[in-house]
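S.K.: Here is my input, please return the structure:
(2 chains)
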Amino acid sequence: MAMMEYIDAIRLAMKEEMEQDETVFVLGEDVGVKGGVFTTTKGLMDQFGEQRVMDTPLAESAIAGVAIGAAMYGMKPIAEMQYSDFMLPATNQIISEAAKIRYRSNNDWNCPVVIRAPIGGGIFGGLYHSQCPESIFFGTPGLKIVAPFTPYDAKGLLKAAIRDPDPVLFFENKKSYKLIKGEVPEDDYIVPIGKANLLREGDDITVIGYSQPLHFVMQAAEELEKEEGITAHVVDLRTLQPLDREAIIEAARHTGKVLIVHEDNKTGGIGAEVSAIINEECLFELDAPIERLCAPDVPAMPISPPMEKFYMLNKDKVKEAMRRLAMY
Amino acid sequence: MSSKGAVDAGFRHEQLGLTHGQVIDMYRYMLLARRFDERNMLLQRAGKINFHVSGIGQEAAQVGAAFALDREKDYFLPYYRDYGFVLAVGMTPRELMLSAFAKADDPNSGGRQMPGHFGSKRLRIVTGSSPVTTQVPHAVGVALAAKMQKKDFVSFVTFGEGSSNQGDFHEGCNFAGVQKLPVIIMCENNQYAISVPIHKQLAGKVSDRALGYGFPGIRVDGNDALAVYAAVKEARERAVRGEGPTLIEAMMYRLSPHSTSDNDLAYRTKEEVDENWAKDGVARMKSYLIECGIWDEAKDADLSAELLLEVKEAIEYADNAPFPKPEDTLLHVYADSDGEGR
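M.R.: The predicted structure follows:
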């Protein structure tokens, strides 16, 4: 085990997979010589050469589409979208093509592509370097979507995604790159796609979330226990599609009070579906209405510091929502 | 199309390295595609199938191209009018008819997709969709795989001139040019994007666009199967030598309406259509073979009857074949069964 930053865990996953499988390669803007605008692919070109760590033209639909073509042939491409805000030109390739290749060919062809894209704000990125586009792709059968919170999961889920025979969107949180550190084994392991993770046990409220906001949830949970004796049961979804329905239902039943937290805006977000699952399966075991704490329904977050702060979740906002639910 | 080359070098097809048998075989696939297409129009009108999208007028270019490729190892990304092409690379009329009837044994999609959405791993026909031109970046990706894996196959992709205005065409071409990939990009310019004529779609030539991407672009007479054969053959040789992509614009005319849901005389005249029937590539190939002295009307009548029988047998087979089970709608969303639909 080594203490590692989230970004190092992502890089290590690619490095290990490329070392053991010569069909794995990375392509995207600035991934080669520069090693990525965030340094996610730093050093990989030196080790694997410029063909397997390929700087591409600035054209997201081609990055996705070429990766999809190579994947159908039998390669294992990792296509990097520099910011998830810029992956929308590739949406047709992802939703009309990658997601439907197995289905439309009646299982004759498949598309083992991984599309990595940094999500999230809080970095003064303004409207177009801060978005969380999960809900655009969520609800597209044929796609798998993962969004790791810890460095351990970032490595394990990326390795699982690379080995998966179907297309996987890997949403990595850019604010977490350097902020989130954790123990990461330096050997081979995977975190299975489709399985949520219980981060913390508690009896008063259940908090369900994914990605960076869980950082605030865990801090708030610790303080609430110490200061007010409120204990929180915290679930990290890890995989957004397919959702781990059993884990969601079990966690909701455990306390009967559920708060769902994510940075993507509220309307039509992942939280709406999590809430619907709980309603369908265990409504009468609840002791309070299901709460959602998400970003406001505005097009995207502004760059001006007070506005960005207003938009973003933080420990205090999460703590307040958790306390309110516990008191219900 | 003239049969005469230099006296010593023999007929035009011989100069291109094709035997009499091969050029007759080319004609056979062109005529098969034509008969197949005609019958599908009738089947749709008779209410036996739901839809047909036609390739009539485009068979010469399609079959000419197929013969220039390596049908044992190249990868093909055809578009929805390419019946002549897929027949020539090995799909059978029976298989295509199973698709037209949306039956369970359709190898293209198991009855899931509209007809004309080809796919067969066995034949290296890469599965396609309806949003046009998405297959161009895929072909580039397959060619990238060939380069990375040091394989000597090429990928071949087609689309209409309407599709050549989509971003994926340009993004795919540029990527292929930068990486010098073994891909042949062929536009079947049939002069209509459904109802929109060429002068409302293009201010220049599709083939000229290759200049901006750093590789050759050529325009050929798409009604001349041998001219297309020659162009694709040369493009394939360049690709295998590592010299990169070629854009080929094959000029032709969509003799049929866009699909069975289209009335083409609402936007073009019968005179215009008739004028183009006179340039039909299938009839032209027949005349060429006769001119070469390797074909005659009696042989042609026999072949026509044989192909019609083959298509009829395919219709009968497909008509009697079982539909997919309704609940099979839920299958093959993901590889693992717990990811299946619900």
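S.K.: From here on, just use CA atoms for contacts and neighbour counts.
M.R.: Noted.
S.K.: Do you know the pLDDT at the closest residue in space to A:Ala232 that isn't next to it in sequence?
M.R.: Of all residues not flanking A:Ala232 in the chain, A:Gly202 sits nearest, at 4.3 Å (Cα to Cα, 6 or more residues apart in numbering or on different chains). On pLDDT, A:Gly202 comes in at 98.
S.K.: Is it correct that A:Gly202 is in contact with A:Glu225?
M.R.: No. The pair A:Gly202 / A:Glu225 is not scored as a contact, 9.2 Å apart, by Cα atoms under 8 Å.
S.K.: Look at the two and report which has more neighbours.
M.R.: Between A:Gly202 and A:Glu225, counting by other Cα atoms under 10 Å in any protein chain shown, A:Gly202 is the more crowded of the two (17 against 13).
S.K.: Can you verify the residue nearest to A:Ala232 is assigned to a helix?
M.R.: No. The assignment for A:Gly202, made by DSSP: H, G, I helix; E, B strand; the rest coil, is coil rather than a helix.
S.K.: ok, and the closest non-adjacent residue to B:Tyr75?
M.R.: That would be B:Ser155: by Cα to Cα, 6+ apart, it lies 4.6 Å from B:Tyr75.
S.K.: tell me the contacts of that neighbour?
M.R.: By Cα atoms under 8 Å, 6 or more residues apart in numbering or on different chains, the residues touching B:Ser155 are B:Asp74, B:Tyr75, B:Phe76, B:Leu77, B:Ala139, B:Val140, B:Val142, B:Ala143, B:Pro182, B:Val183, B:Ile184.
S.K.: Ok, B:Ser129 next?
M.R.: Contacts of B:Ser129 (Cα under 8 Å, 6+ apart): A:Ser96, A:Glu97, B:His117.
S.K.: Just give me the neighbour total for the first one.
M.R.: The burial metric for A:Ser96, expressed as a neighbour count using other Cα under 10 Å, is 16.
S.K.: what do you get for the second one?
M.R.: Applying the criterion other Cα under 10 Å, we find 26 residues in the vicinity of A:Glu97.
S.K.: Check the gap between it and B:Val132 for me.
M.R.: 11 Å (Cα to Cα, to the nearest Å).
S.K.: And the first one, by the same measure?
M.R.: The gap separating A:Ser96 from B:Val132 is 11 Å, by Cα to Cα.
S.K.: What of the last one?
M.R.: When Cα to Cα is the yardstick, B:His117 and B:Val132 sit 11 Å from each other.
S.K.: Tell me which of those two has more neighbours.
M.R.: Taking neighbours as other Cα under 10 Å, B:His117 and B:Val132 compare with B:His117 leading, 23 against 19.
S.K.: Test my guess that B:Gly57 contacts B:Leu255.
M.R.: Yes. B:Gly57 is within contact range of B:Leu255, at 5.2 Å (criterion: Cα under 8 Å).
S.K.: And the two? Which one has more around it.
M.R.: B:Gly57 (25 against 20).
S.K.: which residues does residue 18 contact?
M.R.: In the absence of a named chain, this looks at chain A. A:Val24, A:Phe25, A:Phe48.
S.K.: just for chain B, where's the confidence low?
M.R.: The model of chain B has pLDDT under 70 over residues B:1-9, B:337-342.
S.K.: What is the distance between the lengthiest helix in it and the centre of its chain?
M.R.: Counting by DSSP state H, the longest helix found in chain B is helix B:20-45. Chain-centre distance of helix B:20-45: 12 Å, with Cα atoms, centre = their mean, to the nearest Å.
S.K.: One more: stretch A:54-68?
M.R.: 21 Å.
S.K.: do stretch A:120-134 as well
M.R.: 14 Å.
S.K.: Okay, buried residues for that stretch please.
M.R.: Neighbour counts over stretch A:120-134 (16 or more other Cα atoms under 10 Å in any protein chain shown) mark A:Gly120, A:Gly121, A:Gly122, A:Gly125, A:Gly126, A:His129, A:Ser130, A:Gln131, A:Cys132, A:Pro133, A:Glu134 as buried.
S.K.: residues in contact with the helix or strand that comes right after the longest helix of chain B?
M.R.: As assigned by DSSP states H and E, the chain's next helix or strand after helix B:20-45 is helix B:59-68. Helix B:59-68 is contacted by residues B:26, B:29-30, B:33-34, B:82-85, B:88-89, B:188, B:222-230, B:232-233, B:236, B:250, B:281-282 when judged by Cα under 8 Å, 6+ apart.
S.K.: For the residue in the stretch 101-250 of chain A that chain B sits nearest to, give me its contacts.
M.R.: Closest to chain B within the stretch 101-250 of chain A is A:Ser105: 4.3 Å, counting by Cα to the nearest Cα. By Cα under 8 Å, 6+ apart, A:Ser105 lies in contact with B:Pro107, B:Asn108, B:Ser109, B:Gly110, B:Arg112, B:Gly119, B:Ser120, B:Thr127.
S.K.: Between B:Gly57 and B:Leu255, which contacts overlap?
M.R.: Common neighbours of B:Gly57 and B:Leu255 (Cα under 8 Å, 6+ apart) are B:Trp277.
S.K.: Helices of the chain, residue ranges please.
M.R.: The chain I'm using is chain A. Under DSSP H, chain A gives helices at A:6-20, A:44-52, A:60-73, A:91, A:101-104, A:134-137, A:151-163, A:176-179, A:213-228, A:245-255, A:270-282, A:305-311, A:315-327.
S.K.: think we crossed wires, I meant chain B
M.R.: Assigned by DSSP H, the helices in chain B fall at B:12-15, B:20-45, B:59-68, B:83-88, B:93-100, B:135-148, B:167-179, B:209-213, B:225-240, B:270-277, B:281-292, B:297-320.
S.K.: quick one, the second one and helix B:225-240 angle?
M.R.: Spelled out, that is helix B:20-45. 110 degrees (axes from the mean of the first three to the mean of the last three Cα atoms, to 10 degrees).
S.K.: From A:Ser304, how far out is the nearest residue in space to A:Ala59 that is not next to it in sequence?
M.R.: Leaving aside its sequence neighbours, A:Ala59 sits nearest to B:Glu171 (Cα to Cα, 6+ apart; 6.4 Å). Look at B:Glu171 and A:Ser304: by Cα to Cα, they are 35 Å apart.
S.K.: For these two, work out which one has more neighbours and name it.
M.R.: For B:Glu171 versus A:Ser304, neighbours defined as other Cα under 10 Å are more numerous around B:Glu171 (24 against 12).
S.K.: Next, the distance between the ends of stretch B:320-335.
M.R.: 30 Å.
S.K.: and A:Ser211, how many neighbours does it have?
M.R.: By the criterion of other Cα under 10 Å, A:Ser211 has 24 neighbours.
S.K.: surely it meets A:Asn173?
M.R.: Yes. Counting by Cα under 8 Å, A:Ser211 touches A:Asn173, with 6.6 Å between them.
S.K.: Thanks a lot, see you next time.
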